[in-house]
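Novice: please work out how this folds:
(2 chains)
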Amino acid sequence: MQPLLKMQGINKSFAGVAALTSAELEIAPGEVHAVIGQNGAGKSTLIKILTGVYRKDSGDIAFEDKPWNALSPRESQDNGIATIYQELSLVPLRSVTENVIMGYEPRTRFGLIDWKAAHKRTREILADFGVDIDVTQPLGNYSTAIQQLTAIARAVSLNSRLVIMDEPTSSLDDREVETLFGVVRGLKARGVSVIYISHFLDELFQICDRATIMRDGQRVAVREIASTTKLGLIADMLGRDPEEISAAGMTDLGGGTHEAGELLLEATNLHTDRNLRDVSVSVHKGEIVGLGGLLGSGRTEAARAIFAMDKLRNGTVATHRNPAGFRDPAEAIRGGIGFLTEDRKAEGIVPEMSVRENMTLALMPRLVRNGAIDRAKEEEIVKKFVDALGIKLASIEQPIRELSGGNQQKVLLARWLALEPDLLILDEPTRGVDVGAKFEIQSIIREYVEKGVGVLLISSEFEELVEGADRIVVLQDGKSVSELQNPGITEESLIGAIARSHDGPGKGAAA
Amino acid sequence: MPGFDTRMLAKHGGLIALAVLLLINIAITPNFLQLQTLFVNISQVATIAIVAVGMTLVIATAGIDLSVGAVMAVAGALAPLIFLSEFAQAYPTLGLAASIIVPILVALLCGLFNGVLVAYLGVQPIIATLIFFISGRGIAQVLTNGNLQTFAHPGFSYIGTGKILGLPFQGWLVVVIAIVFWYIVNRTLFGRRILAVGGNERAAKLTGTPVRRVKTGVYVISAGLSGIAGLIVVAINSASDAARIGNLMELDAIASAVVGGTLLMGGKAPIFGAVLGAVIIQLVKYTLLANGVADEVALIAKAGIIVLAVYVQQGRKE
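Specialist: Model prediction:
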């Protein structure tokens, strides 16, 4: 069969650094095709060249047997390739309808937007996804999951022949993931091809037909999903021997083997708003405490309350150094706490600033000598962490926005490690990060925990929690409902604990 | 095609524009290569440059300060009131010192007002500073009963007409201010925090940056520099007209900052760029006026430069 899409010999470099060398991609009609690889392997660059966000330096692209030269994302969309990006590109303050039909508004005969038709169409499109919401409300009123489905609905509604999904499930819960898979299968049945980019390898085995594996800007393998294994894919991605990985275990946190030390944090009855009503948690020296629960159970909110980002209405935060808690994040930082945010783009990086400036943002007050920042000391610290964490970059003066997601995450982790904190709050430390960087980040965390740092770990991946945490505090609807102790926790027992606490129907859309 | 060109332009656009302007002037403007021309331009550009430095800091936090011209008017109206007062006649030195210090203090207070509105009450910068933009000049005119105050006060006039090593005093002042603020932006905690707040306010907050104090700080600095500029204008003219001091200065200052490479969305504070921007805008004005082109046309040319600068900025982002 003729492929729907054929990309051959694609080259692209940024400021002299090659991102793609002779990269290839072939998609058959009506197939769900995974593109996987570590961060920086070139997946995003390849996709962005296809959709016209970047221009290729050289190479050939054919779509439906015709040469393809998308000059803009809009043109590629008009010609049948729709994209859902990793970072949501929607307008939270505008209504759901406006977000779905943006750029393709139905008109009345006077040339004005036909709102009635627009709302109706939006409702129909969303209904296909099992989403029934008030489409006239601002999109920002809804949970990230709903927003994600809206983005997908928008792309699919444009009658595309190829839909590109970049990490579509990273903010969905299980039920919503099932809905999404239903949509993907529906697309496939209609003969639409899907390029599926995901770090969750389990998902690939559920819905993908084939996978293109990329490494260092090249295609290293194309596999039939049915005849490969998870381990095989990881081995391709890392360019290593499957046996070796198998021996090393799937995650590298390895919790449950340590005696807990001195008490670092004691938070009781935390209450800020309806998302965080009554959570208690404590962390000891050299201990990883996990916060388990579903999306919207109050995990992030609890972390924000401890870090004094949100005002407490009730409850207390006490640390071994600050028995009265903190008034603001600056005080928390001085009190030896670091907080790695889950939202790297919105709350983490300062995109225009260099890697150096980003890394020392929290540390800066300690680098001041005689009123000025001690640049020599600053560079020394930054270089130390770049080496220690294996951050890949051209120079520490490079703007952080040019780094891949995994490397950005390492810079942000270093931002907190540089403070030599007693307690680290890590909110989804490995989200949107490839398998290789994930191992590395996990082993860095473990290394610090062994030195006595306490960690409060939030993760949507049960595997990471179960294998990483010494204890897991289970949250539900903004309350801490039970606690599990390692060794002995399994994914099943964690899921069981979360499920047991779900006695009512109360899980709303808001996260 | 445009990739290489715009990057070149973005990096050296200001200097190229300056060189082109100088060459044009040497070719067509009569008596351009006279010392007198240099003095006139330095004394006129100084006030724009000083205000533009403050504006650059404000814009770096993703704000804007429309009140600079009005603050200049208040400071400029106050100074003669003080040194012409009976107190100053009795104690000339003290009076002169007060006529410089008090207006600057008042200017700083105006900036504090702006800063509190923006940082603590969450008013949009353009609205917050619009308040003083409208009321400030009114206050200045009330102070002086709307009168033109003329004076002959050699001591005070030095800041507008004095010379050091043969060059106007205010030219040196610009150099000093630019160096000081370049150092602050690039080497101090406060400077780094300004860029962090403008670059990503939420990230700044999460890393312990006192966002509100930083924001208040830049408005106070901007107003303080405007106060100094107001004094210089009065000193140059040996007269203070509250209705005219600093009129449209906010536009010149914003234009200088933008031409100098400041991003309106914040996160960048090229201090020397802003000074260069001020020089370019001044030279365009001068070129047109010296060649008999009407003032109105000069305004259009100025707008053209801003459009060009913004276009080049866009190119750089890609």
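Novice: okay, CA-based contacts and neighbour counts for the rest of this
Specialist: OK.
Novice: and the closest residue to B:Gln124 other than its chain neighbours, helix, strand or coil?
Specialist: Nearest-residue entry for B:Gln124: B:Val118, 6.1 Å, with adjacent residues in sequence omitted and distances by CA to CA, 6 or more residues apart in numbering or on different chains. Three states are possible here, and by DSSP: H, G, I helix; E, B strand; the rest coil the one that applies to B:Val118 is helix.
Novice: my read: B:Val118 touches B:Leu130, true?
Specialist: No. Between B:Val118 and B:Leu130 there is no contact, the gap being 11.5 Å when judged by CA atoms under 8 Å.
Novice: those two: which has the busier surroundings?
Specialist: Here B:Val118 and B:Leu130 are compared on neighbour count by other CA atoms under 10 Å in any protein chain shown; more neighbours surround B:Val118, at 22 against 18.
Novice: tell me the contacts of the more buried one?
Specialist: Contacts for B:Val118 (CA atoms under 8 Å, 6 or more residues apart in numbering or on different chains) come out as B:124-125, B:128, B:215-216.
Novice: how near is A:Gly140 to B:Lys163?
Specialist: 60 Å (CA to CA, to the nearest Å).
Novice: please disregard the earlier target; I meant B:Ala27.
Specialist: 29 Å.
Novice: now do A:Glu402
Specialist: For A:Glu402, the distance to B:Lys163 equals 49 Å [CA to CA].
Novice: check B:Gly136 too.
Specialist: 31 Å.
Novice: looking at these two, which has the bigger crowd around it?
Specialist: For B:Gly136 against B:Lys163, the residue with the higher neighbour count under other CA under 10 Å is B:Gly136, and the figures read 22 against 15.
Novice: residues in the stretch 51-200 of chain B within reach of chain A, list them.
Specialist: Applying CA under 8 Å from any CA of the partner chain, one finds that the stretch 51-200 of chain B approaches chain A through B:187-189, B:196, B:199-200.
Novice: what's the answer for the stretch 201-318 of chain B, then?
Specialist: Where proximity means CA under 8 Å from any CA, the interface of the stretch 201-318 of chain B facing chain A comprises B:201-210, B:267.
Novice: contact partners for B:Val116?
Specialist: With contact set as CA under 8 Å, 6+ apart, B:Val116 has these partners: B:Thr216.
Novice: same for the strand or helix carrying B:Ser226, what does it pack against?
Specialist: Per DSSP states H and E: B:Ser226 is located in helix B:211-237. When contacts are defined as 3 or more CA pairs under 8 Å, 6 or more residues apart in numbering or on different chains; DSSP states H and E, helix B:211-237 sits against helix B:35-60, helix B:68-83, helix B:92-115, helix B:154-161, helix B:189-199, helix B:201-206.
Novice: what comes up buried for the longest one?
Specialist: By neighbour count on 16 or more other CA atoms under 10 Å in any protein chain shown, the buried set for helix B:35-60 is B:39, B:41-60.
Novice: check stretch B:180-193 too.
Specialist: B:181-182, B:184-193.
Novice: list just the nearest of those to chain A.
Specialist: B:Thr188 (4.5 Å; CA to the nearest CA).
Novice: what does the model give the closest one for pLDDT?
Specialist: If you check B:Thr188, the pLDDT there is 95.
Novice: I'd say it and A:Ile373 touch.
Specialist: Yes. Counting by CA under 8 Å, a contact exists between B:Thr188 and A:Ile373, whose distance comes to 5.4 Å.
Novice: before we move on, back to that, so which pair among the residues of the stretch 51-200 of chain B next to chain A is furthest apart in space?
Specialist: B:Arg187 and B:Asn200 (19.4 Å; CA to CA).
Novice: enumerate the residues of chain A near chain B.
Specialist: Taking CA under 8 Å from any CA as the test, the list of chain A residues beside chain B reads A:309, A:328-331, A:333, A:339, A:346-353, A:361-362, A:364-365, A:368, A:371-373.
Novice: so in chain A, where's the weakest helix or strand by average pLDDT?
Specialist: Taking mean pLDDT, DSSP states H and E as the measure, chain A has helix A:242-248 as its least confident helix or strand, at a mean of 54.
Novice: next SSE downstream of that helix?
Specialist: Next in sequence after helix A:242-248, counting helices and strands by DSSP H and E, comes strand A:263-271.
Novice: pull the distance from that following strand to the chain's centre.
Specialist: Here strand A:263-271 shows a centroid-to-chain-centroid distance of 27 Å under the convention CA atoms, centre = their mean, to the nearest Å.
Novice: try stretch B:223-243
Specialist: Its chain's average C-alpha position is 12 Å from that of stretch B:223-243, according to CA atoms, centre = their mean.
Novice: likewise for stretch B:117-128?
Specialist: The chain centroid and the centroid of stretch B:117-128 are separated by 21 Å, computed with CA atoms, centre = their mean.
Novice: quick one: average pLDDT of stretch A:342-350?
Specialist: Here the average pLDDT along stretch A:342-350 is 90.
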